[in-house]
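S.K.: No sequence on hand, only this structure:
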DNA sequence: ACCCAGGGTCATA
DNA sequence: TATGACCATGGG
């Protein structure tokens, strides 16, 4: 096994030992995961929770319930999540994809590659949002890459070229790790946790579970 | 008052 | 291909 792959496994074990299970994705249904995946784009999860709660209270946290809303009503409900006009459009486009496949179950039953392509065809759903849905709603062994992932890999010196694409980084993880959706889900959540816990902590590296050089430090190793 | 969140799209060059 | 502007709310 290559050195990089071993380090990715080591990192996972360290994070897991430090933080334990993260229990992602916090949602009761696959549809709720999909909605949350759109709402959380460039948005603090706290604000997404408010929006989700409002949708739930309005009976709009199901495809049927959401379909009953006008675009303006949907906008108003999700307002706390920010970018609410864009996101209302994106949710409605996602809803149409779901309806075209006879419901959430039908859509999520598609083969992984096909499902990914269908999700990416929805305006406003990019690689990370699509993969979050594949992993956390459909339970597929797909690794979710985000800005934190790139930053941390870079700091740890695990990125060959600085300009690795999303898919290249994804392949890196998917090659290094056992193809287990449970593990992928925890790993991604742990990377987010690491960033949240310590990136803005003061003092900066207090309690960081990683050996120095600290993975999230902006200073070069 | 500034910075940034569990991104993605579109217009320029 | 590669930057920048834009979307918008809420907390540090």
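M.R.: All right, it came through fine. Owing to the predicted nature of the structure, the values given are computational and were not obtained by experimental measurement.

S.K.: For residue A:211, report the pLDDT, please.
M.R.: Reported pLDDT at residue A:211 in the predicted model: 59.

S.K.: mind listing what the residue positioned nearest the centre of chain A touches?
M.R.: Note on chain A: the residue nearest the mean C-alpha position is residue A:132, at 4.3 Å, using C-alpha atoms, centre = their mean. Applying C-beta atoms under 8 Å, 6 or more residues apart in numbering to residue A:132 gives the contacts A:25, A:33, A:37, A:144. Backbone N, C-alpha and C define where each C-beta goes, glycine included.

S.K.: and which of the residues you listed is nearest residue A:165?
M.R.: residue A:144 (14.8 Å; C-beta to C-beta).

S.K.: who in chain A is up against DNA strand B?
M.R.: Contacts of chain A with DNA strand B, taken as C-beta under 7 Å from any atom of the strand, map to A:24-26, A:36-37, A:40-45, A:47, A:82-83, A:86, A:123-130, A:132, A:136, A:146-148, A:189, A:192, A:195-196, A:199.

S.K.: The residue in chain A positioned nearest to DNA strand B: how many residues sit nearby?
M.R.: At 2.4 Å from DNA strand B, residue A:126 is the closest residue in chain A, using C-beta to the nearest atom of the strand. By other C-beta atoms under 10 Å, the residues close to residue A:126 number 13.

S.K.: Nearest spatial neighbour of it, chain-adjacent residues omitted?
M.R.: Nearest-residue entry for residue A:126: residue A:120, 7.2 Å, with adjacent residues in sequence omitted and distances by C-beta to C-beta, 6 or more residues apart in numbering.

S.K.: doesn't residue A:128 make contact with that neighbour?
M.R.: No: between residue A:120 and residue A:128 there is no contact under C-beta atoms under 8 Å: 10.8 Å.

S.K.: which one of these two has more residues nearby?
M.R.: The neighbour comparison of residue A:120 against residue A:128 (other C-beta under 10 Å) goes to residue A:128, with 19 against 14.

S.K.: Just confirm yes or no for the helix or strand where the more buried one lies near DNA strand C.
M.R.: Secondary structure from DSSP states H and E places residue A:128 in helix A:127-132. No: applying C-beta under 7 Å from any atom of the strand, one finds helix A:127-132 separated from DNA strand C by no less than 13.1 Å.

S.K.: pLDDT at the closest residue to residue A:67 other than its chain neighbours, what is it?
M.R.: Excluding the flanking residues, the one nearest residue A:67 by C-beta to C-beta, 6+ apart is residue A:95, at 6.1 Å. At residue A:95, the pLDDT value in this model is 98.

S.K.: again with residue A:154
M.R.: 90.

S.K.: who touches it in this structure?
M.R.: residue A:162.

S.K.: Give the helix, strand or coil label for it.
M.R.: helix (DSSP: H, G, I helix; E, B strand; the rest coil).

S.K.: And residue A:134, by the same measure?
M.R.: Under three-state DSSP, residue A:134 comes out as helix.

S.K.: and it, how many neighbours?
M.R.: For residue A:134, the count of nearby residues is 24 (other C-beta under 10 Å).

S.K.: Over to residue A:143?
M.R.: 24.

S.K.: Skip the chain neighbours and tell me the closest residue to it.
M.R.: Of all residues not flanking residue A:143 in the chain, residue A:173 sits nearest, at 4.1 Å (C-beta to C-beta, 6+ apart).

S.K.: Mind checking if the one helix or strand residue A:167 maps to is in reach of DNA strand C?
M.R.: If you go by DSSP H and E, residue A:167 is part of helix A:166-176. No: Helix A:166-176 lies out of reach of DNA strand C by C-beta under 7 Å from any atom of the strand, never closer than 12.4 Å.
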